[in-house]
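S.K.: Predicted model and sequence below, questions to follow.
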Amino acid sequence: MHWGIKDNMKNSKDNSSKLRQELLNLISCKLSKETPNVSFSKPNYDIEEKVAEAIKLWPHLNNLRVADSAEYKIQDVLIDNEISGRLRIPEKHNGMAVLCLHGHARGMMLGKEMTEYCTVPLAQQNFITLSVDLIGFGNRRNRDFDDIEIKIGGQTLFQQEKINFARLLTQGKTLVGNQIEELSTCVSFLKSLDGIKNVAVMGHSMGGIFAFWLGALDQRIDCTICLAGMINYEAFANSDNSRYHDCYCLVPGIAELVDSGDILSLIAPRGFYGIHGRHDRGFPIDRVIANSNKTREVYKQMGAEKMFRSEIIDCDHGDMLSEKYLCEIFNFLKIFR
């Protein structure tokens, strides 16, 4: 069975609930319902020697790091003794919290640090931000692989990610399901903060993929920002191109059930803003456009066209992280304050 967008509009509320539950079952995911245990500490700015060496090897990562200011409080957090993150709370926040998700670096040594291109300017505009190390990245990585990842320089390895995927698969679970469970726990934490009225999720690349999964499955998300992350499962199933993508987002049997357009339709009528590069080889642009057009039709039929934006820009995988497009994203987020 494959869910079509038009079919999904018939008795849309019931069908959406059914599809959402089927997806949760497929990825073996249970969304968080309770406020997690959270410990707070002073931010640790000491980048380990090996990570500093990695940044020298990959200088483009420096473009993702932005200087903090004294306009907000910064704390490192540990959620449920497992999820490491960094919380920025402006003194006069605007009532909206943004969960910021990183993509792949060159290897798994960097995690939440890669989101500073958005967490810092968002905090400066009075949004609360939480950036976390996704499973196996940053503070949560297996350090046994550090030397290997530094030696291979510009190549990608992600050996621990493959191990995590295989381990979960033998248990009848998926890496994407585990990750969405964790992120829903992060949403529960953000919803528990004083004065929070809305929660958004924003991610680039791998983070963009997890962002639209979370936005589709967790209805507490008011707005989803997906940057270069609209994976197409049919394209992956019918291609030997490894750029279509890695194991972190793979789910057995998913291409027979849905594609990204069906998943995106579950976000409607809540906010969605996607930006993709025309020359991004990892995300076939014809499929991105087709799924965006179909999803836009869902929003139109729900009378929520203004809540959906999708742009194709003349760039490759990372250029949408520029100040120009970040300003557009920030303005879109302000609709939901």
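M.R.: Everything's here; your move. Treat the numbers as computed from the prediction; the structure is a model and nothing was measured.

S.K.: the strands in this protein, which residues?
M.R.: All strands of the chain, identified by DSSP state E, fall at 38-41, 72-79, 83-90, 96-101, 128-132, 198-204, 223-227, 271-277, 308-313.

S.K.: in the first one, what's buried?
M.R.: What that stands for is strand 38-41. For strand 38-41, burial by neighbour count (16 or more other CB atoms under 10 Å) applies to V38. Placement of C-beta: from N, CA and C, glycine included.

S.K.: Helix or strand with the lowest mean pLDDT in this structure?
M.R.: Using mean pLDDT, DSSP states H and E, helix 5-9 stands out as the lowest-scoring helix or strand of the chain, at a mean of 44.

S.K.: Do a quick rundown of the helices in the protein.
M.R.: 5-9, 12-26, 49-57, 116-124, 146-151, 159-170, 175-191, 206-217, 233-237, 254-257, 260-265, 285-301, 323-333 (DSSP state H).

S.K.: wait, which of these is closest to V38?
M.R.: Distance to V38, taken as CB to CB, is lowest for helix 175-191 among the helices of the chain, at 5.8 Å.

S.K.: Which residues belonging to the closest one are considered buried?
M.R.: Here helix 175-191 shows 175-190 as buried, counting by 16+ other CB under 10 Å.

S.K.: same thing with stretch 80-87?
M.R.: 83-87.

S.K.: Also stretch 135-142?
M.R.: Neighbour-count burial for stretch 135-142 flags 135-141 (criterion: 16+ other CB under 10 Å).

S.K.: what's the span of it from first residue to last?
M.R.: Counting by CA to CA, to the nearest Å, you get 11 Å between the two ends of stretch 135-142.

S.K.: as a whole number, average confidence for that stretch?
M.R.: In this model, stretch 135-142 has an average pLDDT of 90.

S.K.: ok, now stretch 305-313?
M.R.: Averaging pLDDT along stretch 305-313 yields 95.

S.K.: follow-up on the earlier one: would you turn the strands of the chain into TSV with distance to K13?
M.R.: Formatted as TSV, the strands of the chain follow (distance: least, CB to CB, whole Å):
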stretch	distance to K13
strand 38-41	34
strand 72-79	32
strand 83-90	32
strand 96-101	26
strand 128-132	30
strand 198-204	22
strand 223-227	19
strand 271-277	18
strand 308-313	18
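
S.K.: out of the ones you listed, which comes closest to E149?
M.R.: For these, proximity to E149 was assessed by CB to CB; strand 83-90 is nearest, at 18.9 Å.

S.K.: Tabulate the CA atom coordinates of that closest one in CSV.
M.R.: Taking Å, rounded to 0.1, in the frame of the first residue of the first chain, the C-alpha atoms of strand 83-90 are listed here in CSV:
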residue,chain,number,x,y,z
ILE,A,83,21.1,13.7,25.4
SER,A,84,23.8,16.3,25.6
GLY,A,85,22.8,19.8,24.5
ARG,A,86,23.2,23.6,24.8
LEU,A,87,20.4,25.8,25.9
ARG,A,88,20.2,29.6,25.2
ILE,A,89,17.6,31.6,27.0
PRO,A,90,17.2,35.3,26.3
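
S.K.: Make 35 the first number, not 1, from now on.
M.R.: Yes, from this point I'll number from 35; that puts the last item at strand 117-124.

S.K.: So what are the sheet partners of it and their directions?
M.R.: Partner strands for strand 117-124, per DSSP bridges, with pairing direction: strand 106-113 (antiparallel), strand 162-166 (antiparallel).

S.K.: Give me the contact list for it.
M.R.: 74, 77, 102, 105-113, 145-146, 153-154, 156-158, 160-167, 172-174, 216, 219-220, 227 (CB atoms under 8 Å, 6 or more residues apart in numbering).

S.K.: Just the buried subset of the residues you listed, written out for PyMOL, thanks.
M.R.: A single PyMOL command selects the buried members of the contacts of strand 117-124 (16+ other CB under 10 Å):
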select buried, resi 102+106+108+110+111+112+113+145+146+153+154+156+157+158+160+161+162+163+164+165+166+167+172+173+174+216+219+220+227
